[in-house]
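[1] this one's sequence-less:
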């Protein structure tokens, strides 16, 4: 298995632009998680899905952030409009059953100028 | 004002020595715990996990100890190698499942 696949690996954009991050979970996993990592706040859970349904989005910072999971093999995290304070590494992770270990992707390094 | 980044706790050990990384967790209802290793430029990588019905679990060169009385978790790495240099995170999950919450991390530096 290729593991959790995230794209793009790096994204540089200007303030105000829309940013879309993509994730393909491990085949057979039914839980998917979006995390954000910064030096200031460490690893923060933004949202997680179980069987493609958002279960907890309390970590989403504000309405500029949205996440979708249209099917079991794909999820997106969108920021519109982006701001410099959104600059961070965004990780996607997946697990089987929601109470097992999470497997992480390599992350998307986002820089908003 | 100027923002200040987190300064991770750092543990520096000599190659071949044993390492002990500690973690205090916050939620007494947490019943599943995981240690992750994160190397520079990579995502967190699973090392070992333990459920609250156990006090100790061993893997290859690693041991996790859980003390529920004081809400403390530790990771022991035997015969530490340069490849073990990374940031190590403990993470906890409540008995409702789903939400895995990470600690701040400890940076392990192995001197040859």
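    Sure thing, it's come through. Small disclaimer: the values here were computed from a predicted structure and weren't measured. Numbering: from 1, shown residues only, chains lettered A, B, ... in the order given.
[2] list the contacts for the residue nearest to the spatial centre of chain A?
    When chain A is reduced to its mean C-alpha position, the nearest residue by Cα atoms, centre = their mean turns out to be residue A:34, at 3.3 Å. Residues counted as contacts of residue A:34 (Cβ atoms under 8 Å, 6 or more residues apart in numbering or on different chains) are A:23, A:45-48, A:67, A:75, A:77, A:90-92. Backbone N, C-alpha and C define where each C-beta goes, glycine included.
[3] what are the pairing partners of the helix or strand containing it, and which direction each?
    Element membership for residue A:34 (DSSP states H and E) is strand A:31-38. When pairing is defined by DSSP bridges, strand A:31-38 lines up against strand A:42-50 (antiparallel), strand A:88-95 (antiparallel).
[4] just put these in TSV and tack on distance to residue B:90 and mean pLDDT.
    Formatted as TSV, the strands paired with strand A:31-38 follow (distance: least, Cβ to Cβ, whole Å; pLDDT from 0 to 100):
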stretch	distance to residue B:90	mean pLDDT
strand A:42-50	11	93
strand A:88-95	16	96
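[5] from these, which stretch is densest packed?
    Ranked by mean neighbour count, the strands paired with strand A:31-38 are led by strand A:88-95 with a mean of 23 (mean count of other Cβ atoms under 10 Å in any protein chain shown).
[6] for burial, what's the neighbour tally of residue 14?
    If you meant another chain, say so; for now it's chain A. The number of residues packed near residue A:14 is 11, by other Cβ atoms under 10 Å in any protein chain shown.
[7] sorry, I should have been clearer: chain B.
    For residue B:14, the neighbour count with other Cβ under 10 Å is 10.
[8] how much space separates residue B:50 from residue A:26?
    22 Å (Cβ to Cβ, to the nearest Å).
[9] who's in contact with residue A:26?
    The contact partners of residue A:26, by Cβ under 8 Å, 6+ apart, come to A:1, A:3-4, A:94, A:103.
[10] widest-spaced pair of those?
    A:1 and A:94 (10.7 Å; Cβ to Cβ).
[11] who does the nearest residue to residue B:54 once chain neighbours are set aside bridge with?
    Leaving aside its chain neighbours, residue B:54 sits nearest to residue B:66 (6.6 Å; criterion: Cβ to Cβ, 6 or more residues apart in numbering or on different chains). On the basis of DSSP bridges, residue B:66 is bridged to residue B:73.
[12] and residue B:66, how far is that from residue B:32?
    10 Å.
[13] overlap in contacts of the two?
    With Cβ under 8 Å, 6+ apart, residue B:66 and residue B:32 have common neighbours B:50, B:52.
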